[in-house]
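Q: no sequence for this one, just the structure:
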């Protein structure tokens with residue numbers, strides 16, 4: 001039954017993708033003189049369509065939910081519009097298209113050298129023959145693998161001060177909404193895409209399967225960041241990361257950077273790093289389950305004497321520039 005459904009879905013999506021590619025994308029590619037990248041543009045079309053579906057779900061389902069059960073009133077719509085810009089850049093594949101021209105030649109070169117040394121991809125389907133070869137099982141194994149990687153990537157970004165100087169931009173949003181997930185520094189995104197592309201290459205994830213893995217993760221993270229008073233109950237909270245569980249991670253002085261009264265950082269760390277499943281937080285003792293919905297942001301954003309009144313930028317360009325200054329310890 002699952003195979004029949006996936007075959008029908010692939011056929012339906014494939015027809016739409018082929019139509020959009022032939023009628024809209026391919027003419028632009030050739031007119032710009034990038035005919036040699038036509039095959040890669042086809043993959044980009046898949047990212048575009050998946051991104052459009054995600055944004056539709058966000059607008060039509062998550063948006064009304066936010067209005068129905070908000071945690072707090074929205075006071076700064078300009079900040080939300082900036083987050084929407086981040087979302088469009090990432091979900092429609094614009095960032096990944098730019099990353100292709102930067103990373104693809106490097107990744108191809110690395111893979112070529114490894115093949116000369118006799119290295120072969122480690123396919124998940126070979127781990128447990130007869131079980132992981134089932135598409136649904138292999139997909140879930142990949143999902144677990146990448147979620148574990150995401151947990152440690154996220155946790156380490158809260159551990160090293162240079163890394164936190166970039167990741168802090170994500171936490172600087174003081175009124176989280178469904179658009180806040182992609183509010184990241186581009187340098188942090190480049191590093192993350194490089195790490196995940198390398199692992200995907202190493203374990204042999206098919207491109208279309210990787211697109212689906214990323215899309216599912218992104219949609220769930222949009223839900224987690226939503227201004228939504230929602231939890232999944234005692235059992236559900238321990239099966240899937242909820243908006244309440246993740247909001248605790250964004251809580252000022254609790255979920256991430258721990259600071260002294262004058263705003264000087266005492267230590268980096270925190271809780272609730274899980275992206276899809278809270279199991280890793282429970283396993284590595286970083287889970288905090290609470291009934292409260294805390295204010296979000298960073299301690300040093302607050303006015304003295306609690307914080308330092310630090311500016312993280314109001315617009316896209318200002319946020320990126322201030323992130324570089326924090327990284328280089330300028331000002």
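A: Yep, it's here. Computed from a predicted structure; not experimentally measured.

Q: Next one: the residue most central in space within the chain relative to residue 65, how far apart?
A: Closest residue to the average C-alpha location of the chain: residue 218 at 5.5 Å, with C-alpha atoms, centre = their mean. According to C-beta to C-beta, to the nearest Å, residue 218 stands 17 Å off from residue 65. All C-beta atoms are positioned from the backbone trio N, CA, C, and that covers glycine.

Q: Which element, helix or strand, includes residue 223?
A: If you go by DSSP states H and E, residue 223 is part of helix 207-225.

Q: List the buried residues of that helix.
A: Neighbour-count burial for helix 207-225, counted by 16 or more other C-beta atoms under 10 Å, picks out 210-215, 217-225.

Q: what's the farthest-apart pair in those?
A: 210 and 225 (22.4 Å; C-beta to C-beta).

Q: What is the burial count for residue 53?
A: Using other C-beta atoms under 10 Å, the number of residues around residue 53 comes to 14.

Q: for residue 296, same thing?
A: Neighbour count for residue 296, taken as other C-beta under 10 Å: 26.

Q: who's in contact with the closest residue to it other than its chain neighbours?
A: Leaving out its chain neighbours, the residue that sits closest to residue 296 by C-beta to C-beta, 6 or more residues apart in numbering is residue 250, at 4.0 Å. Taking C-beta atoms under 8 Å, 6 or more residues apart in numbering, we find residue 250 in contact with 171, 173, 176, 256, 294, 296-297.

Q: Could you work out the most separated pair of these?
A: Within those, 173 and 294 form the most distant pair, 13.8 Å apart (C-beta to C-beta).

Q: Give the other helices and strands that the helix holding residue 223 contacts.
A: When contacts are defined as 3 or more C-beta pairs under 8 Å, 6 or more residues apart in numbering; DSSP states H and E, helix 207-225 packs onto helix 38-57, helix 135-157, helix 243-249.

Q: quick one, which of these is packed in tightest?
A: Ranked by mean neighbour count, those are led by helix 243-249 with a mean of 24 (mean count of other C-beta atoms under 10 Å).

Q: didn't residue 70 look like it was pressed against residue 226?
A: No: with contacts counted by C-beta atoms under 8 Å, residue 70 stays clear of residue 226, the gap being 9.0 Å.

Q: More neighbours: the two, which one.
A: residue 226 (26 against 15).

Q: roughly how far apart are the more buried one and residue 52?
A: 19 Å.

Q: how about residue 310, secondary structure?
A: In three-state terms, and counting by DSSP: H, G, I helix; E, B strand; the rest coil, residue 310 is coil.

Q: which one is it nearest to, not counting chain neighbours?
A: Of all residues not flanking residue 310 in the chain, residue 300 sits nearest, at 4.4 Å (C-beta to C-beta, 6+ apart).

Q: Would you quantify the distance from the one you found to residue 276?
A: Computed as C-beta to C-beta, the residue 300 to residue 276 distance reads 30 Å.

Q: now residue 236
A: 13 Å.

Q: What of residue 51?
A: Distance, residue 51 to residue 276, using C-beta to C-beta: 19 Å.

Q: so what's residue 316 up against?
A: 82, 85-86.

Q: just the buried members of the residues you listed?
A: Applying 16+ other C-beta under 10 Å to these flags 82, 86 as buried.

Q: Inside helices: which ones of the contacts of residue 316?
A: Among those, the ones falling in helices (DSSP state H) are 82, 85-86.

Q: In terms of distance to residue 164, which of those ranks first?
A: Set against residue 164, the nearest of the ones in helices among the contacts of residue 316 by C-beta to C-beta is residue 86 (18.8 Å).

Q: pretty sure the closest one is touching residue 185, no?
A: No: taking C-beta under 8 Å as the definition, residue 86 is not a contact partner of residue 185, at 10.2 Å.
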